[in-house]
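Enquirer: Sequence and predicted structure are below.
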Amino acid sequence: MEAVLFNDQFEESLICERDGLFFHYYAHSELVAITKEKLIEGLTIQRNQTRAYLEQGTHLILTLGTAWVYELEEYGTVANCHKQPSGLFSKRLLTIEEMESRLYNLFDNFSRRYPNLKVILTVSPVRHLKDGIAENQLSKSLLRVLCANLERRSETVSYFPAYEIMMDELRDYRFYKSDLIHPTAEAENYIWQKWQSSHFSSETQTKVEEIRKINLELAHRPLNPTSPAYLKFQENLLQKLERLNSQFDFSYEIAQVKPNLNSQAQR
């Protein structure tokens with residue numbers, strides 16, 4: 001986020017190599033390249049794409065996962081250790097004061113550069129048990145207080161209680177996957193419904209439901225794809241897609257349905 005705001009360059013000294021691939025300590029491991037030059041190029045593209053969104057977007061949603069960080073000597077906190085030797089890093093728990101100061105200044109700069117942008121904070125309900133049960137709870141508690149402080153200090157910041165919904169409303173292990181850490185699809189959908197009711201207008205909720213039904217129709221696999229009933233089904237689906245295409249980009253889906261419809265009509 002700071003790289004986007006201040007057009008920061010990506011230091012080559014923070015690039016590491018593993019198995020013939022190059023990574024950057026400030027970036028996710030999905031951002032990888034076969035050369036340092038390609039990595040810097042990819043990071044720069046990602047930074048520019050983020051800036052382009054912020055200039056036009058209305059909301060920035062940030063999910064905080066843990067207050068535990070890993071620090072690299074001379075460079076401070078890193079975003080990813082990229083499976084480098086543990087001896088290179090030191091682990092510590094951030095204080096509320098330093099997290100609040102850094103994020104408040106970031107959001108304050110955001111409000112000056114992007115005055116129409118709203119920030120929505122959440123705390124991830126996924127527990128970091130590798131840190132320890134007590135340590136994870138301490139971390140999540142600090143993050144929750146942090147969000148409350150930032151929401152109180154800034155008019156552009158609000159909080160969505162994804163963590164509380166998972167911990168209190170869905171406090172049964174049937175809502176967790178087999179690892180007992182990650183939410184199931186049912187739990188994710190429950191939180192998604194809560195999100196919609198709190199952040200979407202009634203018109204938007206209607207559109208979301210309409211698109212959900214269209215996605216189900218797109219995924220439908222008929223018993224007999226040459227039947228007149230399925231031909232009619234495809235015609236109705238195409239009409240819905242073309243009607244919504246003026247508001248949302250359904251060109252890919254239309255391109256999928258049209259050839260099927262034409263081939264069936266010729267039979």
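Expert: Looks like it came in fine. All figures in this text were calculated on a predicted structure; none of them were measured in a lab.

Enquirer: tell me what the lowest-mean-pLDDT helix or strand in the chain is packed against?
Expert: The weakest-scoring helix or strand in the chain, judged by mean pLDDT, DSSP states H and E, is helix 251-265 (a mean of 79). Secondary structure elements in contact with helix 251-265, counted by 3 or more CB pairs under 8 Å, 6 or more residues apart in numbering; DSSP states H and E, are helix 202-219, helix 228-244. Where C-beta positions appear, they are placed from N, C-alpha and C, glycine not excepted.

Enquirer: As JSON lines, the ones you listed with mean neighbour count, distance to N109 and mean pLDDT would be great.
Expert: Below are the helices and strands packed on helix 251-265 laid out as JSON lines (neighbours: other CB atoms under 10 Å; distance: least, CB to CB, whole Å; pLDDT from 0 to 100):
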{"stretch": "helix 202-219", "mean neighbour count": "12", "distance to N109": "29", "mean pLDDT": "92"}
{"stretch": "helix 228-244", "mean neighbour count": "15", "distance to N109": "37", "mean pLDDT": "91"}
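
Enquirer: returning to that earlier point: now the least confident helix or strand of the chain against helix 202-219, angle please.
Expert: 40 degrees (axes from the mean of the first three to the mean of the last three CA atoms, to 10 degrees).

Enquirer: Please compute how far helix 251-265 lies from its chain's middle.
Expert: Here helix 251-265 is found 32 Å from its chain centre; the criterion is CA atoms, centre = their mean, to the nearest Å.

Enquirer: could you check the angle helix 228-244 makes with that helix?
Expert: Using the same axes, to 10 degrees: helix 251-265 against helix 228-244 is 150 degrees.

Enquirer: Brilliant, that's me finished.
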